[in-house]
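# Show me how the following folds:
(4 chains)
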2 protein chains.
Amino acid sequence: MIPEATVARLPVYLRALTALAEGGIRTCSSEDLASAAGVNSAKLRKDLSYLGSYGTRGVGYDVDYLRYQIAREIGVTHDWPVVIVGIGNLGHALANYSGFRSRGFRVVALLDADLDRTGELVAGVPVRPFDDLEAIASEHAVAIGVIATPAAAAQDVADRMVAAGVTSILNFAPAVISVPEGVDVRKVDLSIELQILAYHEQRKAHETGREVAAAIGGDQ
Amino acid sequence: MIPEATVARLPVYLRALTALAEGGIRTCSSEDLASAAGVNSAKLRKDLSYLGSYGTRGVGYDVDYLRYQIAREIGVTHDWPVVIVGIGNLGHALANYSGFRSRGFRVVALLDADLDRTGELVAGVPVRPFDDLEAIASEHAVAIGVIATPAAAAQDVADRMVAAGVTSILNFAPAVISVPEGVDVRKVDLSIELQILAYHEQRKAHETGREVAAAIGGDQ
DNA sequence: TTCTGTGAATTGTTTCACAGCC
DNA sequence: GGCTGTGAAACAATTCACAGAA
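This is a model prediction of the structure:
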């Protein structure tokens, strides 16, 4: 059983290893890989230790071998079919995102409730009516769905996805969706990320203010 | 000093409170708010306790009052000016995202290195050359920048942002960027989120396999 | 000697359970 | 009686520090 925090970092290691491999590097130390991934080496080694012993003491890790082991652990040695629902600005961006294709995912359908959009080609894939969801999900055995609709539609879309057999949902809509036991949801929310930054930014401003005040105050 | 895990949830509570307020609800219990935010009530109360005592025992929380207190704590009672660099598909989607405006952020400029894009209007804001970054950042006192460029450009953009006085960066490029002490970076990576789902999906598949095997095996 | 793999210590987060206030 | 606020307990993640393999 791999800790959740480790699972969330494995894709980062995978990407870093791919970058190293593309740079022609065949072997790396935990220090090298950790710095490419933006973590410290103790954490990296601990994380990798949950997968097994894929390194060599005194030497390091074979880049290709470790890359394969992580890809296998994550489950991206084969492609996962994915549907995207909601082809607005964000849906367009997602459909065009080439990183999906190269990292283990294949967009098998783009769905939108607006029938005026039907037939429109986005990244070479035709937009289809949302009602085709069940047919597509069962035809392609889709387990992963992406919601890129407005917040108001998100729960309905999620319900339909679950009914159609989808058991993992990536939700970009700014809404909390509830799903049955056994279905995983991950949420990406742009304005929440910015608000977290704003909080720290505000604290930095206070900090500076205090330092300035202290400097002005001098040694009174 | 508010724990980081709590800080990351405050924006979720803020959004849930806004939804309650829009539904005409003036008072709510920790249970109500927790369920609107998708967390359990003990965690919610513990989180809110770091901000102060803004509830009333036996009654609950005043929605508007708590909303204001959280907004103040996060620092979104006034707007933060933001620049977006990289106006490709994702940059377009971000520029058009209305949640920015309504949640404490104002896009003051869209920048792109491709000069053919200069002047193009996106969501009513003209695209400007990347080299205008310093002028814009100092004119609007921009502290927060968004990177929506390809991975290869991300580090350069981050360096220029930091030099221009930006101290918080939201990075959508699939690359690790390094910044000096005192600069915050948050990363949003679409394919990493999908890979995390894939990991759990794969485990569910194994689990099912085992259950099926056990069922077939019966009580042998 | 170098660098991995990992117990042990530390630090952070969540959950429990109830005292205290309305 | 109902619900918040919070110590204390349980759990999870990170970091330390070093034994041991190459």
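
# so where's chain A shaky on pLDDT?
For chain A, the stretches with pLDDT under 70 are A:209-220.

# Which elements pack onto the longest strand seen in it?
In chain A, taking DSSP state E as the definition, the longest strand is strand A:105-112. Here strand A:105-112 touches strand A:80-85, helix A:89-96, helix A:98-102, strand A:125-129, helix A:133-140, helix B:190-217, going by 3 or more C-beta pairs under 8 Å, 6 or more residues apart in numbering or on different chains; DSSP states H and E. For the C-beta atoms, the positions are set from N, CA and C on the backbone; glycine is no exception.

# Would you check how far apart the nearest residue to residue A:67 once chain neighbours are set aside and DNA strand C are?
Closest residue to residue A:67 apart from its sequence neighbours, by C-beta to C-beta, 6 or more residues apart in numbering or on different chains: residue A:17 at 4.2 Å. Distance from residue A:17 to DNA strand C, counting by C-beta to the nearest atom of the strand, to the nearest Å: 13 Å.

# Report the contact partners of residue A:38.
Residues in contact with residue A:38 (C-beta atoms under 8 Å, 6 or more residues apart in numbering or on different chains) are A:12, B:176, B:178.

# repeat that with 7 Å
Going by C-beta atoms under 7 Å, 6 or more residues apart in numbering or on different chains, residue A:38 touches residue B:176.

# what do you get for residue A:89?
By C-beta under 7 Å, 6+ apart, residue A:89 lies in contact with B:92, B:93, B:96.

# Most neighbours of all those, which one?
residue B:93 (24 neighbours; other C-beta atoms under 10 Å in any protein chain shown).

# doesn't residue A:94 make contact with it?
No: the criterion here is C-beta atoms under 7 Å, and residue B:93 misses it with residue A:94 at 8.4 Å.

# Check the contact lists of these two and give me the overlap.
With C-beta under 7 Å, 6+ apart, residue B:93 and residue A:94 have no common neighbours.

# picking up where we left off before, show me the one of the helices and strands packed on strand A:105-112 that comes nearest DNA strand D.
helix B:190-217 (12.3 Å; C-beta to the nearest atom of the strand).

# returning to that earlier point: surely the residue nearest to residue A:67 is within a strand?
No: secondary structure of residue A:17 (DSSP: H, G, I helix; E, B strand; the rest coil): helix, not part of a strand.

# Around DNA strand C, pick out the residues from chain A.
Contacts of chain A with DNA strand C, taken as C-beta under 7 Å from any atom of the strand, map to A:29-31, A:41-42, A:45-46, A:48-49, A:53-61.

# if we can go back for a sec, contact partners for the residue nearest to residue A:67?
Contacts for residue A:17 (C-beta under 7 Å, 6+ apart) come out as A:33, A:63, A:66, A:67, A:70.

# ok, back up a step: partner strands of whatever helix or strand comes next after the longest strand of chain A and their direction?
Next along the chain after strand A:105-112, taking DSSP states H and E as the criterion, comes strand A:121-122. Strand A:121-122 sits in its sheet next to strand A:125-129 (antiparallel), going by DSSP bridges.

# ok now the partner strand, how far from the chain's centre?
23 Å (C-alpha atoms, centre = their mean, to the nearest Å).

# Show me which residues of that strand are buried.
A:125, A:127, A:128 (16 or more other C-beta atoms under 10 Å in any protein chain shown).

# same question, stretch A:96-103
Buried residues in stretch A:96-103, defined by neighbour count with 16+ other C-beta under 10 Å: A:96, A:97, A:99, A:100, A:103.

# try stretch A:171-190
Neighbour-count burial for stretch A:171-190, with 16+ other C-beta under 10 Å as criterion, is recorded at A:171-177, A:179, A:183-190.

# Repeat that for stretch A:148-160.
Result for stretch A:148-160 [16+ other C-beta under 10 Å]: buried residues A:148, A:149, A:151, A:153, A:154, A:155, A:157, A:158, A:160.

# just to revisit the earlier point, go through the contacts of residue A:89 and name the one nearest DNA strand C.
Nearest to DNA strand C among these, with distances taken as C-beta to the nearest atom of the strand, is residue B:93, at 29.1 Å.

# how much space between the nearest residue to residue A:56 once chain neighbours are set aside and residue A:27?
Excluding the flanking residues, the one nearest residue A:56 by C-beta to C-beta, 6+ apart is residue A:62, at 7.8 Å. Distance, residue A:62 to residue A:27, by C-beta to C-beta, to the nearest Å: 6 Å.
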